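Undergrad: When you get a sec, could you give me coordinates for this:
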Amino acid sequence: MTLDAKKLTAVALITAGIIVVYWQTFARLIDAWIVDGNYSHGWLILPIALYFVWERRAKLEAAPIQPSWFGLVVFAGGILVLLAGTLGSELFLARVSLLPVLAGIVLFLFGWKHLRILTFPLAFLLLMIPIPAIIFNRIAFPLQLFASRVGESTISAFNIPVLREGNVLTLANTSLEVAEACSGIRSLVSLLTLGIVYAYFSDTRAWVRGLIVLSTIPVAILANGARVAGTGILAHYFGSGAAEGFFHEFSGWIVFIVAFIMMLAIQKIVVRLAPPPAQPRAIEVPV
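TA: Below is the predicted model of the structure:
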């Protein structure tokens, strides 16, 4: 058996072992992607992460293979987290345990240099895992109240009478409830994922990438507040039908596109104010 055949066989066996151990966790994770619209982007995370690995193939081939026995410790820790999550019915622990398991495998088979090269693709997998419900609710509820306040202020600025009680906006002819689905957390998670991918490809400087990613948070929150305000204004003039059905869903797509354009604009402004250093040009010496 050639070396490449041995590598392929080892990868196939490791992949099969992970599938066998994690099949129930994977099934519930896929179900979450299907049922929970907040994590419907989860389908894209694994292919993108695999692309990041493929992009690093030259570095991986050049890095010396120096297996570390500490990888078994990391691997065992991941399995213990999986068992704790499975026995305690804590889905987040069971799902997130996949990361130390994969990291332990890489470390044990190839060494620290390979693990450092694959750190970003492995960390990127976190985006496909739904956050615990207790944390989700801590984020979603303040976002609901903020969107309600933005909606109230904006609607009032258009001289439209509105009364806000918590996350409920009462207009002259209808009432709007800023429900959890309208809190903006769905667009926040999706835009954050898109921001990470865009920042990775648009600039090589770490601080610029971090700034682009961080900018997605206020952009998504403000864009959702504008969506609530726009829905209230349309509902005032055209009735409650403007806040339901097709118009409601379509406005979500429009706002997400606008938020993405705002993120692009921020990146362009940053590059304009702090252009990347010019690459040194090769000088041809006549022979």
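Undergrad: Now do the helices in the chain.
TA: Using DSSP state H, the helices found in the chain span residues 3-35, 42-55, 57-62, 70-87, 91-96, 98-109, 112-117, 119-124, 133-157, 185-202, 206-238, 245-273.
Undergrad: the inter-axis angle of the last one versus helix 185-202?
TA: In terms of direction (axes from the mean of the first three to the mean of the last three Cα atoms, to 10 degrees), helix 245-273 departs from helix 185-202 by 30 degrees.
Undergrad: what angle sits between helix 245-273 and helix 206-238?
TA: 150 degrees.
Undergrad: Repeat that for the first one.
TA: Taking the same axes, to 10 degrees, one finds that helix 3-35 is oriented at 30 degrees with respect to helix 206-238.
Undergrad: Okay, buried residues for the helix-or-strand element of the chain with minimal mean pLDDT please.
TA: In the chain, no helix or strand scores lower on mean pLDDT, DSSP states H and E than strand 175-177, which sits at a mean of 79. Buried residues in strand 175-177, defined by neighbour count with 16 or more other Cβ atoms under 10 Å: Leu176. Heads up, the C-betas are built off the backbone N, CA and C, glycines and all.
Undergrad: How about Leu163, nearest residue that isn't a chain neighbour?
TA: Spatial nearest neighbour of Leu163, excluding adjacent residues (Cβ to Cβ, 6 or more residues apart in numbering): Thr170 at 4.4 Å.
Undergrad: and the one you found, what does it touch?
TA: By Cβ atoms under 8 Å, 6 or more residues apart in numbering, the contact list for Thr170 reads Val162, Leu163, Arg164.
Undergrad: of these, buried ones?
TA: Judged by 16+ other Cβ under 10 Å, buried ones among those: Val162, Arg164.
Undergrad: Pick out whichever of the contacts of Thr170 sits closest to Ser97.
TA: Arg164 (43.0 Å; Cβ to Cβ).
Undergrad: can you tell me how far that closest one sits from Val228?
TA: The gap separating Arg164 from Val228 is 11 Å, by Cβ to Cβ, to the nearest Å.
Undergrad: what sits in contact with each of those two?
TA: Common neighbours of Arg164 and Val228 (Cβ under 8 Å, 6+ apart) are Ser148, Gly151.
Undergrad: Adjacent strands (with direction) for the least confident helix or strand of the chain?
TA: strand 168-170 (antiparallel) (DSSP bridges).
Undergrad: Return the residues in contact with the residue nearest to Gln24 when sequence neighbours are not counted.
TA: In space, Gln24 comes closest to Thr86 once its chain neighbours are excluded; the distance is 7.7 Å by Cβ to Cβ, 6+ apart. Shown in contact with Thr86 (Cβ under 8 Å, 6+ apart): Gln24, Thr25, Ala94.
Undergrad: ok, of the residues you listed, which one's closest to Ile261?
TA: Thr25 (37.1 Å).
Undergrad: Could you measure from Ile34 over to Pro161?
TA: 42 Å.
Undergrad: Same check on Trp23?
TA: Distance from Trp23 to Pro161, by Cβ to Cβ: 56 Å.
Undergrad: Check Ser153 too.
TA: In terms of Cβ to Cβ, Ser153 sits 13 Å off from Pro161.
Undergrad: When those two are compared, which one has more neighbours?
TA: Ser153 (13 against 10; other Cβ atoms under 10 Å).
Undergrad: what about the residue lying closest to that one once chain neighbours are set aside, how many residues close to it?
TA: Counting by Cβ to Cβ, 6+ apart, Ser153 lies nearest to Ala229, which is 7.8 Å off, once chain neighbours are set aside. As a burial measure, Ala229 scores 24 neighbours (other Cβ under 10 Å).
Undergrad: Just to check, Ala229 is in contact with Gly151?
TA: Yes: the pair Ala229 / Gly151 is scored as a contact, 4.5 Å apart, by Cβ atoms under 8 Å.
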